[in-house]
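Visitor: A structural model of the following input is requested.
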Amino acid sequence: MPLPREPGDSAIHAADGRDVRDLAAHFEDEKPGRVLSGPVGVLVTGTTLAIALLALWQVFDPLPQGSKYYLILFLAGVLPVVFLAYPADLRLPRRRPETNPGPAPVDATEPSRARPTVPDWVLAAVAVVTCLYPVLPISVGAGGGGYDAFLDRQGLPAPLDVAMGTALLLLLLEACRRTTGWILPAVCLVFLGYGYYGGLLPQSWPVAHAGLDFAQLVAAFYNSDSGFYGTPLDVAATYIVLFTIYGAVLDLSGAGRFFVELSAAAFRRSRTAAGRTAVASGFLLGTVSGSGAATTVSIGAVTWPILRRAGYPAERAGGMLAAAGVGAILSPPTLGAAAFIISEYLGVSYLQVLGWATVPTLLYYLGILLSVEIDARRSGVRPVVIETGSAGRLLARFGYHFLSLFVIVGLLAVGFSATKAVVAATVLAAVLSFLDRRHRLTPARLLSALSTGVRGVLAVTAVCAAAGIITATTTKTGLGPQAAALLVGGAEAVSSDPAVVLALTALLAAVALSLLGLAVPVTASFVIGWVIIGPALLDLGVAAPAAAMFVFYFAVLSEASPPTALAAVAAAAVTGGRLVPTMWQTLRYALPAYLIPLAFVITPTGLGLLGIGGPERIAVAGAVAALSVTVLAVAAGGWLPGVGPAGTPERVLGALAGVALLWFEPVPVTVGAVLAAAMVAGVLVRRGSAGRTGGPSAGPRVNSREEKQ
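Guide: This next block holds a predicted model:
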């Protein structure tokens, strides 16, 4: 969520001179859109406002024809706007002399970017026709005839149905290409090819199927509940659009600036104030942002100058910012889009999903904060003075920004749906904005927030609708169970022990999900992972919540995983650091998040991390996992807070201890605890030896007051 720019504010610039707020807008989706003005801007704004009002209307007075009818209208409004708001960008990229790895600045003077071209208008018009075709009461031969007639032809499409479905298929692939790049359309085409040509594979192959003709595939995409209008699009049109509107309202009300200033005020007297401010800002901004990369840029706008004054190298600061930004997708009460899909797939309330995410989120930020403390002592970070008011005074004046967040959780707790809860929170945030005359949501600014919120969901809608190609193909061909059998079979080839098979399957699944996440956006990564890898975990007896959250976390962590690591790219664009070292620093800060999801699935006690299994299991799992995160942070950072530097032997012991502790069984936990104690003993011996010999330590010496802070 970009920080609000107040009147008179000077721009805050990245290392290459670009305004970081513009970078935040760039990273809100993976590719930049046009800034439209004039009649086209009015048309797009009017369309997005109509979509916003339709989404709000659906919450309180759903259309009598059903949810699919609403999805058809929603997609008919969104898809044409995608072609007007996002340029085709089919030309070859020009070589740039800059060495900074960040995105190229958008040249708004280029005609193809400044305004839609003729092909864009043609695609938008075709999108309107193909999206509205199922509900138009016009008969054309055996096709058309209105919504009921369209549903009656489910499984037996007319030639016109196939033609319209094919056109919509191509339009969605192009919309995904414009908003997220080439990878996701290529993946969709692979699934499409598998559905069509899979019948030609040798039938002895596990992934072979009977074969589907093209009309059957299009019917599955266009006129079934698992295709374009399946659960992913339902989530985008029902939940995500309302939460993006809420985020836009909260943004314009000044909440973003307040969250960052509060973080700075809370830690301004600490030796590690700069790092703590960056992490706390990421957590608070993450509560209203679903984009790790955009949150990274937003917190970098304020905290990078502070980190630089404190002496953080650009790459280390970038890694910290990226890891904190990725936490945006993991932080309640507004997780990433995939969390809403979990709620729909498992048939549970969104509040339950928030409960499952609470302990892992706390552990994630514990790991980052420990790394911040370790880096400050090992690298000799300088104390800096952060000029800001007191935290108490800020809370007294602007603490009302938290109220709408509390309202969401409170209404969910008393049984309200997530949609009604977020609408109520949006109304409250708009009303409370009048407590600050600089950010009052006048009618004009409120309409701007509604339009901005819908524009924020354009790319997600295209991805969710295209994900129907993957889910429908998987359903029609039975690929999910077949892929699950292959995954489990690979683990069983190594060992017949059920515990080992489960651990190896989880490890293989983690690798597969990490690789998948490098290529496609988080939402698509989760959908693919759930339909392909989810069944393998479920077949081995893993509880559905654990399997779903396992897939969710590895899908989210793609934004921190080399070699793509979108959040690290965003951080490097702000700090001017080298890209690859920034990615590795991000990986180091986020390391516990890659291991904790494995604990969800390999032992029953791991369910305690999701808040499942009673107070005793939750307490044991939380305490052991916290110890694991701590020793892993020491192993990665090479410093034991309060004691001193850790050498290579101690770091190896810490790494082994951290991994062993996450296997929540008595013997591994005991081994892990012993290894952790040996690590601490080794650090103490090393410190004593250095003190007797007067030798240098692995980092700067600090006084006791600094250690306590």
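
Visitor: Show me what the mean pLDDT comes to for stretch 580-589.
Guide: For stretch 580-589, mean pLDDT rounds to 85.

Visitor: in that stretch, what's buried?
Guide: Counting neighbours by 16 or more other CB atoms under 10 Å, one finds that the buried residues in stretch 580-589 are 581-583, 585-589. Glycine gets a C-beta too; all of them are placed from N, C-alpha and C.

Visitor: among these, which are in helices?
Guide: Among the buried residues of stretch 580-589, DSSP state H puts 581-583, 585-589 in helices.

Visitor: JSON lines please, covering these and showing distance to Thr605.
Guide: Listed next are those as JSON lines, based on distance: CB to CB, whole Å:
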{"residue": "Pro581", "distance to Thr605": "37"}
{"residue": "Thr582", "distance to Thr605": "36"}
{"residue": "Met583", "distance to Thr605": "33"}
{"residue": "Gln585", "distance to Thr605": "32"}
{"residue": "Thr586", "distance to Thr605": "30"}
{"residue": "Leu587", "distance to Thr605": "27"}
{"residue": "Arg588", "distance to Thr605": "27"}
{"residue": "Tyr589", "distance to Thr605": "26"}
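
Visitor: and which of the buried residues of stretch 580-589 is nearest Thr452?
Guide: Using CB to CB, Thr586 comes nearest to Thr452 of the buried residues of stretch 580-589, at 28.4 Å.

Visitor: So the closest one is in contact with Gly319, correct?
Guide: Yes. With contact defined as CB atoms under 8 Å, Thr586 reaches Gly319; the gap is 4.3 Å.

Visitor: Quick check: neighbours shared by the two?
Guide: Here Thr586 and Gly319 share the contacting residues 568, 571, scored by CB atoms under 8 Å, 6 or more residues apart in numbering.

Visitor: And the pLDDT for Tyr70?
Guide: Listed pLDDT for Tyr70 reads 94.

Visitor: swap that for Val135, sorry
Guide: 92.

Visitor: Ala509: which of the ones in helices among the buried residues of stretch 580-589 is nearest?
Guide: Nearest to Ala509 among those: Leu587, at 19.2 Å, using CB to CB.

Visitor: Contact partners for that closest one?
Guide: Applying CB under 8 Å, 6+ apart to Leu587 gives the contacts 319, 560-562, 565.

Visitor: just those residues now: which is nearest Trp182?
Guide: Nearest to Trp182 among the contacts of Leu587 is Ala565, at 18.3 Å by CB to CB.

Visitor: Please report how far the closest one lies from Leu508.
Guide: To Leu508, Ala565 is 22 Å away according to CB to CB, to the nearest Å.

Visitor: still on that earlier bit, counting neighbours, which of the contacts of Leu587 end up buried?
Guide: Neighbour-count burial (16+ other CB under 10 Å) applied to the contacts of Leu587 gives 319, 560-561, 565.

Visitor: Check the residues you listed against Thr426 and report the nearest one.
Guide: Closest approach between the buried ones among the contacts of Leu587 and Thr426, by CB to CB: Ala560, at 29.9 Å.

Visitor: Pretty sure the closest one sits against Leu321.
Guide: No. When contacts are counted by CB under 8 Å, Ala560 is not listed as touching Leu321 (11.3 Å).

Visitor: Inside helices: which ones of the contacts of Leu587?
Guide: With DSSP H as the criterion, helices contain Gly319 from among the contacts of Leu587.

Visitor: want to try CSV for the contacts of Leu587, with distance to Ala593 and pLDDT as columns?
Guide: What follows is the contacts of Leu587, written out as CSV (distance: CB to CB, whole Å; pLDDT from 0 to 100):
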residue, distance to Ala593, pLDDT
Gly319, 13, 87
Ala560, 8, 78
Ser561, 10, 75
Pro562, 15, 72
Ala565, 13, 70
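
Visitor: from the contacts of Leu587, which two are the most distant?
Guide: Using CB to CB, those span at most 12.7 Å, a distance reached by Gly319 and Ser561.

Visitor: low-scoring stretches of the stretch 1-150 of the chain, by residue?
Guide: By pLDDT under 70, the weakly predicted segments of the stretch 1-150 of the chain are 1-32, 91-114.

Visitor: mind listing the strands for the stretch 51-200 of the chain?
Guide: Using DSSP state E, counting those that start in this stretch, the strands found in the stretch 51-200 of the chain span residues 139-140, 143-144.

Visitor: Just name the most buried of these.
Guide: strand 143-144 (a mean of 18; mean count of other CB atoms under 10 Å).

Visitor: Counting by contacts, list what it packs against.
Guide: helix 159-180 (3 or more CB pairs under 8 Å, 6 or more residues apart in numbering; DSSP states H and E).

Visitor: Could I get the buried residue list for the helix it packs on?
Guide: Buried residues in helix 159-180, counted by 16+ other CB under 10 Å: 160-162, 164-169, 171-180.

Visitor: try stretch 200-216
Guide: Under the neighbour-count criterion of 16+ other CB under 10 Å, stretch 200-216 has 209, 212, 215-216 buried.

Visitor: which one among those residues gets closest to Glu665?
Guide: Minimum distance to Glu665 across the buried residues of stretch 200-216 is 39.9 Å, recorded for His209 (CB to CB).

Visitor: So the closest one, which state does it fall into?
Guide: Under the three-state scheme (DSSP: H, G, I helix; E, B strand; the rest coil), His209 adopts coil.

Visitor: phi, psi of it?
Guide: phi -140, psi 180 (degrees, to the nearest 10).

Visitor: likewise Trp639?
Guide: Dihedral angles (degrees, to the nearest 10) for Trp639: phi -150, psi 130.

Visitor: got a pLDDT number for it?
Guide: Looking at Trp639, its pLDDT is 83.

Visitor: ok, which stretches of the stretch 251-400 of the chain are helices?
Guide: Applying DSSP state H, counting those that start in this stretch to the stretch 251-400 of the chain gives helices spanning 255-266, 273-286, 292-310, 314-326, 337-346, 350-378, 391-398.

Visitor: now swap in the stretch 501-650 of the chain and tell me
Guide: Listed in chain order, the helices of the stretch 501-650 of the chain (DSSP H, counting those that start in this stretch) span 522-532, 534-539, 544-556, 566-575, 579-589, 591-602, 615-637, 648-661.

Visitor: which helices and strands sit right next to the longest one?
Guide: Helix 615-637 sits against helix 350-378, helix 591-602, helix 648-661, helix 666-693, with contacts defined as 3+ CB pairs under 8 Å, 6+ apart.

Visitor: Adding mean neighbour count, write the ones you listed out as CSV.
Guide: Shown next, in CSV, are the helices and strands packed on helix 615-637 (neighbours: other CB atoms under 10 Å):
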stretch, mean neighbour count
helix 350-378, 22
helix 591-602, 24
helix 648-661, 21
helix 666-693, 15
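
Visitor: Would you format these as a markdown table with distance to Val279 included?
Guide: What follows is the helices and strands packed on helix 615-637, written out as a markdown table (distance: least, CB to CB, whole Å):
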| stretch | distance to Val279 |
| --- | --- |
| helix 350-378 | 5 |
| helix 591-602 | 14 |
| helix 648-661 | 20 |
| helix 666-693 | 24 |
